[in-house]
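S.K.: The following block contains a protein sequence and its predicted model.
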Amino acid sequence: MDVETLKPEPGFPVKKTSMKTADGKIMINVFGYTDRFFVMIYSVDSAALGSIFEMTKETGCGVDLDSDNNLGAIYKFTIRFGAETPELLLIGRHLVSKINSDKPVVFSWSIKDFSKDVLKSVSDCIEKLFQQPSSTSSY
């Protein structure tokens with residue numbers, strides 16, 4: 001799994017980082033804008049956009065101030081295109097927790113396989129993409 005970071009043109013505000021999963025069947029493109037991230041996850045056999053949904057971190061939620069328990073961040077799920085399914089909600093919440101950003105994240109998911117192996121390999125790539133020192137998370 002090699003990370004490919006493309007240098008943007010001078011003055012162009014979008015950073016792009018790409019990675020294929022270990023088996024080479026799934027491509028992940030991350031576009032970093034100043035106000036949000038756009039993450040495309042698709043099969044290399046078909047580059048369709050699929051379902052598009054947005055995960056937005058809720059402010060003031062997720063912390064119980066009366067105890068030492070941190071409940072974690074709460075994210076609002078909004079479907080933009082496609083059908084709202086429990087699988088997309090689960091995938092979105094899992095992946096956005098790997099990104100851990102205050103910026104909204106727009107996902108394009110066109111993988112029909114919702115298996116644990118697919119989610120694990122995509123999740124591993126997302127984690128690597130956002131941990132790179134030159135990745136889009138450095139905005």
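M.R.: Done, it's in. Numbers count the residues shown, from 1 in each chain.

S.K.: any idea whether the spatially most central residue of the chain is helix, strand or coil?
M.R.: Nearest residue to the geometric centre of the chain (Cα atoms, centre = their mean): Val39, 4.9 Å. Local secondary structure at Val39 is given as strand here, using DSSP: H, G, I helix; E, B strand; the rest coil.

S.K.: so what's it scoring on pLDDT?
M.R.: pLDDT recorded at Val39 is 94.

S.K.: Go ahead and confirm it touches Val30.
M.R.: Yes. The pair Val39 / Val30 is scored as a contact, 5.3 Å apart, by Cβ atoms under 8 Å. From N, CA and C alone the C-beta is placed, and that goes for glycine too.

S.K.: Tell me the residues that contact both of those two, please.
M.R.: Ile126 (Cβ atoms under 8 Å, 6 or more residues apart in numbering).

S.K.: count of residues packed around the nearest residue to Asp23 once chain neighbours are set aside?
M.R.: Spatial nearest neighbour of Asp23, excluding adjacent residues (Cβ to Cβ, 6 or more residues apart in numbering): Ser121 at 6.9 Å. Neighbourhood size, Ser121 [other Cβ atoms under 10 Å]: 19.

S.K.: Now do the helix or strand containing Ser121: which elements does it pack against?
M.R.: Element membership of Ser121 [criterion: DSSP states H and E] is helix 116-131. Packing partners of helix 116-131 (3 or more Cβ pairs under 8 Å, 6 or more residues apart in numbering; DSSP states H and E): strand 15-20, strand 26-32, helix 86-99.

S.K.: Which one of the ones you listed lies nearest to Phe53?
M.R.: Phe53 lies closest, by Cβ to Cβ, to one member of the helices and strands packed on helix 116-131: helix 86-99, at 5.7 Å.

S.K.: how much does the following helix or strand past the closest one deviate in direction from strand 26-32?
M.R.: Toward the C-terminus, helix 86-99 is succeeded by strand 105-109 as the next helix or strand (DSSP H and E). Here strand 105-109 runs at an angle of 160 degrees relative to strand 26-32 (axes from the mean of the first three to the mean of the last three Cα atoms, to 10 degrees).
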